[in-house]
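Colleague: For reference, the sequence and a predicted model appear below.
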Amino acid sequence: MPIQLFDTLSRTYKTLTPADGETFRFYCCGPTVYGAAHIGNFRTFVLQDILRRSLEAEGWATRHTRNITDVDDKTIRESQEERKSLREFTEFWRERFHRDCAALNLLPPHVEPSAVAHVDRQIELIQKLIENGHAYVENGSVYFSIQSFPEYGRLSHLAERELTTDREGAQHQAHDQDEYERETAADFALWKARKPEDGPNYWESPWGEGRPGWHIECSAMSMQYLGATLDLHSGGIDLIFPHHENEIAQSEAVTGKAFASHWFHVAHLLVEDNKMSKSLGNLLTLDEIMEKGHTGQEIRYVLLEGHYRHPLNFTWGALKAARKALQRMARFDEALRRVAKVSDPDLGCPDSKRLHGVSHSFEKAWSALENDLNTPEALGQIFVALKRVQREIDNGSLGSERANHEWLGWRRMIYALGIRLEQPEAPKPPEEIVKLADARWEAKKKRDFATADQLRETIRSRGWQVKDRPDHYELAPSEE
Ligand code: AMP
Ligand code: ZN
């Protein structure tokens, strides 16, 4: 069964297939680089990563485009407060974002365009919108006229919202802010005339100096790299209105084609039952969590524990449990690999063709992903299968051929969920073994090799081996 995913626009589950039959082309609204992204942002990026990995594990090629918003009200304001150039300021936060993505094992997008590098392309789109009567110039700024686009509001189901009955009256209030949380629709800025507070951050345009509005960048860059109709477009639910609504309007008004075949939105992350906000001081970043001794993988694991269409509550307790679950997975991975006689623990995407007709215990876990990316169900099913296979490993009833099939099913899940299995911590030798090893070390220092050899043998007979290092020794379980 191919992957089924809920589509925000049609409110139905739809099968994900690339329009060209080969490469699934999708666009994700990326970060605004004016500070460290918080773990809520990363919930959305992690889910988008899982979507991509699942499609790849299913056998499709993907083309993943995620932009960097490096000019908007916030980046300009904050860079000026820090007395840095916009470029220097946004570069710093872009790098930090990449570092966090790597810690979470996110695959880098195939294309990562920045708004500043695509201003020409945005101007071109705006010009077309003016030419075909969808946009107008007012005091050096350009606005999209939502009245000119009767389908406006289809994605966010605007017509069904109580507060929008005055849409006719509201539309003449043109909006300048890059972000607004209004419940009513309004004409929105495509181009913003230069203001003194913009400082040196402006570009020339047919309407004078200024800069692009926020929404137009995503239309310009997604269509440039993926074509007029994307296979899928995605972001957190806060972007449905007005950002994605505006993207649809300005793109379709130019191309006359559907902008995206599928809309994928991720519900918000809460922290200890609270909405994340600056005023509550709970905008948790990766650094803040990792400073407390947690790993990127543990954070990623916690972000998988809720279905993407429901809010997920982040707790410190969940992080602790994630550590245990990951350790268990890593131990299982090693044991299964040994029985399956896999020499190369390849962490890449298992070829889906190799799984065709192969029976294994991880089928239900995979089905959970195919069924609207149900990650919590997938994790639950992984552990059901893991226990079963582990039992067979322990009682010696798992032959190497079946182990190999289990390995393929298991690795596909690990790839799709993007879990990086760290090697389990070295087992701790019991105290008596350490005492024997200390005694042996002393004997060796005194050049009493006969005693040293005897002690080595005693240690070996109890299942441990001593490895000498220049200034001390190491103990490891005996390999026999
Ligand atoms: P921003 O950098 O604010 O543009 O956000 C980057 C991405 O994170 C967007 O897709 C947002 O919709 C998403 N996002 C913002 N807050 C949250 C949250 N609390 N939980 C999940 N996703 C979020
Ligand atoms: Zn966007």
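Modeller: Structure received. Numbers count the residues shown, from 1 in each chain. Ligands and ions are numbered 1, 2, ... in the order given.
Colleague: Ligand 1 contacts on the stretch 251-400 of the chain?
Modeller: With CB under 6 Å from any ligand atom as the criterion, the stretch 251-400 of the chain meets ligand 1 at residues 266, 268-269, 276. (Each C-beta comes from the backbone N, C-alpha and C, glycine too.)
Colleague: Could you save those residues as TSV and add columns showing neighbour count and distance to Ile248?
Modeller: Converted to TSV, these look like this (neighbours: other CB atoms under 10 Å; distance: CB to CB, whole Å):
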residue	neighbour count	distance to Ile248
Val266	25	18
His268	15	22
Leu269	24	26
Met276	18	27
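Colleague: Where helices are concerned, which of those residues count?
Modeller: Within these, no residue falls in helices by DSSP state H.
Colleague: Quick check: strands, which of those residues are part of them?
Modeller: 266, 269 (DSSP state E).
Colleague: Could you export the residues of the stretch 251-400 of the chain next to ligand 1 as JSON lines, including pLDDT and distance to Glu56?
Modeller: Listed next are these as JSON lines, based on pLDDT from 0 to 100; distance: CB to CB, whole Å:
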{"residue": "Val266", "pLDDT": "98", "distance to Glu56": "19"}
{"residue": "His268", "pLDDT": "95", "distance to Glu56": "27"}
{"residue": "Leu269", "pLDDT": "96", "distance to Glu56": "25"}
{"residue": "Met276", "pLDDT": "88", "distance to Glu56": "30"}
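Colleague: Redo the residues of the stretch 251-400 of the chain next to ligand 1 as CSV? Include distance to Ala330.
Modeller: Shown next, in CSV, are these (distance: CB to CB, whole Å):
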residue, distance to Ala330
Val266, 27
His268, 30
Leu269, 26
Met276, 30
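Colleague: Can you classify Ala57 by secondary structure?
Modeller: helix (DSSP: H, G, I helix; E, B strand; the rest coil).
Colleague: what's the answer for Ser279, then?
Modeller: coil.
Colleague: now it: how far from ligand 1?
Modeller: Plainly put, Ser279 is 14 Å away from ligand 1 if you go by CB to the nearest ligand atom, to the nearest Å.
Colleague: Buried by neighbour count: which residues of the helix or strand where Leu475 lies qualify?
Modeller: Using DSSP states H and E, Leu475 sits within strand 473-477. By neighbour count on 16 or more other CB atoms under 10 Å, the buried set for strand 473-477 is Leu475.
Colleague: so what does that strand touch, helix or strand wise?
Modeller: Here strand 473-477 is seen to pack against helix 431-445, strand 464-468 when contacts are counted using 3 or more CB pairs under 8 Å, 6 or more residues apart in numbering; DSSP states H and E.
Colleague: Including mean pLDDT and mean neighbour count, could these go into CSV?
Modeller: Below are the helices and strands packed on strand 473-477 laid out as CSV (pLDDT from 0 to 100; neighbours: other CB atoms under 10 Å):
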stretch, mean pLDDT, mean neighbour count
helix 431-445, 93, 15
strand 464-468, 86, 15
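Colleague: who in the stretch 101-250 of the chain is up against ligand 1?
Modeller: 235-236, 238-239.
Colleague: Repeat the analysis, applying 8 Å as the threshold.
Modeller: 234-239 (CB under 8 Å from any ligand atom).
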